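1. sequence and computational prediction follow.
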Amino acid sequence: MLESNFGVLAATLFGSAIGSFLNVCIVRLPANESVVAPRSRCPQCRKALAAYDNIPVLSWIVLGGKCRSCAKPIPVRYPLVELAVAGVFGTSFWYYGFGVEAGRAALFGTLLLGIGVTDARAYIIPDEFTWGGLGAGLAFSWVHGFAGFLDALLGAAVGFALLYFIAWAGEMVLKKEAMGGGDIKMMVMVGSFLGWQGVLMTLFGGALIGTLVFGPVTLVKKGLLVPFGVFLAAAAAVTFVIGDDILRWYLGFLTGR
């Protein structure tokens, strides 16, 4: 038990470090900047951070949420992302144990978080998240052999076909772009992790969440940009965690069992 708890703690701490790197990706990828150099810096004065000021979560707390050099506020988004990824890693390795499935869950959750925050912040979904995630999803699928790879490939194909059709149909009706290419590529990645059934559940859940959250707002503010990737990411996360339970409940509801 002690070794298991230590392992989960180690995974959580590692996740916080991944979350720190994810913050860099969230800011720099939409701006087409390198995520490797220069090293982490203050978002206000742009001065490089010392190693002791770049400890996930802890440094932000010690500094009172302000840069040591310019004393300007550092957005709370930074420690929140680090905490979220730490939670994703810790929970994944606690629930699945130390194996491939835990790594798969942790990576997928991190990708979804990165997509959601980036889309909410910059209305863009970087290819590094989607195409990189697609490669990872297909690689993980080989754990279940060739059949698992085919299932992931089918899921990716269904994700592309459905979103491409929705984008095409929306453009025909609205006479303008109805969905960004990033959303299409995102669902290709999601399909590689969740399969074609997961794609359907994610699309339905994303549309439902988006309607509930943004529906009333768009009635007041016409032409408001909607970061649909945020809702797709939330729905994909729910599908990964309890998608099988939802599907069993739905089938039981249809059959009266």
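-> Received it, and whenever you're ready, just let me know what you need. Residues are numbered from 1 along each chain as shown.
2. if I look at Gln197, how far off is Ala233?
-> 18 Å (Cβ to Cβ, to the nearest Å). Placement of C-beta: from N, CA and C, glycine included.
3. now do Val117
-> In terms of Cβ to Cβ, Val117 sits 9 Å off from Ala233.
4. could you do Gly243 as well?
-> Distance from Gly243 to Ala233, by Cβ to Cβ: 14 Å.
5. of these two, who's got more company?
-> Applying other Cβ atoms under 10 Å to Gly243 and Ala233 shows that Ala233 carries more neighbours, namely 29 against 21.
6. pretty sure that one is in a strand, no?
-> No: under DSSP: H, G, I helix; E, B strand; the rest coil, Ala233 sits outside any strand and is assigned helix.
7. residues touching it, list them.
-> Applying Cβ atoms under 8 Å, 6 or more residues apart in numbering, we find Ala233 in contact with 112-113, 115-116, 119, 186.
8. same thing but at 6 Å, please
-> Ala233 sits next to 112, 115-116 when contact means Cβ atoms under 6 Å, 6 or more residues apart in numbering.
9. which among the residues you listed gets closest to Gly181?
-> Ile115 (13.5 Å; Cβ to Cβ).
10. in what element of secondary structure is the closest one found?
-> helix 100-122 (DSSP states H and E).
11. off-centre distance for the following helix or strand past that helix?
-> As assigned by DSSP H and E, the chain's next helix or strand after helix 100-122 is helix 127-141. Relative to its chain's centre, helix 127-141 lies at 12 Å (Cα atoms, centre = their mean, to the nearest Å).
12. after helix 127-141 comes which helix or strand?
-> Using DSSP H and E, the helix or strand that follows helix 127-141 towards the C-terminus is helix 145-174.
13. so where's this structure shaky on pLDDT?
-> Along the chain, the parts satisfying pLDDT under 70 run over 1-3, 174-178, 215-224, 250, 253-254, 256-257.
14. can you do 90?
-> For the chain, the stretches with pLDDT under 90 are 1-7, 36-54, 67-69, 71, 98, 164-182, 207-228, 242-257.
15. tell me the centre residue of it?
-> With distances taken as Cα atoms, centre = their mean, the residue of the chain nearest its centroid is Leu112 (0.9 Å).
16. if I pick that one, what's in contact with it?
-> 233, 236-237.
17. for Met187, see how far away the residue nearest to it when sequence neighbours are not counted is.
-> Distances taken as Cβ to Cβ, 6 or more residues apart in numbering place Ala233 nearest to Leu112, at 4.2 Å, with adjacent residues excluded. Note on Ala233: its distance to Met187, by Cβ to Cβ, is 11 Å.
18. orientation of whichever helix in the chain runs longest relative to helix 127-141 in degrees?
-> Longest helix in the chain by number of residues (criterion: DSSP state H): helix 181-220. If you take axes from the mean of the first three to the mean of the last three Cα atoms, to 10 degrees, helix 181-220 sits at 120 degrees to helix 127-141.
19. show me what helix 181-220 is packed against.
-> With contacts taken as 3 or more Cβ pairs under 6 Å, 6 or more residues apart in numbering; DSSP states H and E, helix 181-220 sits against helix 127-141, helix 145-174, helix 228-255.
20. hmm, back to that, any chance of the contacts of Leu112 in JSON lines, plus distance to Leu29?
-> Output for the contacts of Leu112, formatted as JSON lines (distance: Cβ to Cβ, whole Å):
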{"residue": "Ala233", "distance to Leu29": "15"}
{"residue": "Ala236", "distance to Leu29": "19"}
{"residue": "Ala237", "distance to Leu29": "20"}
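21. good, we can wrap up now.
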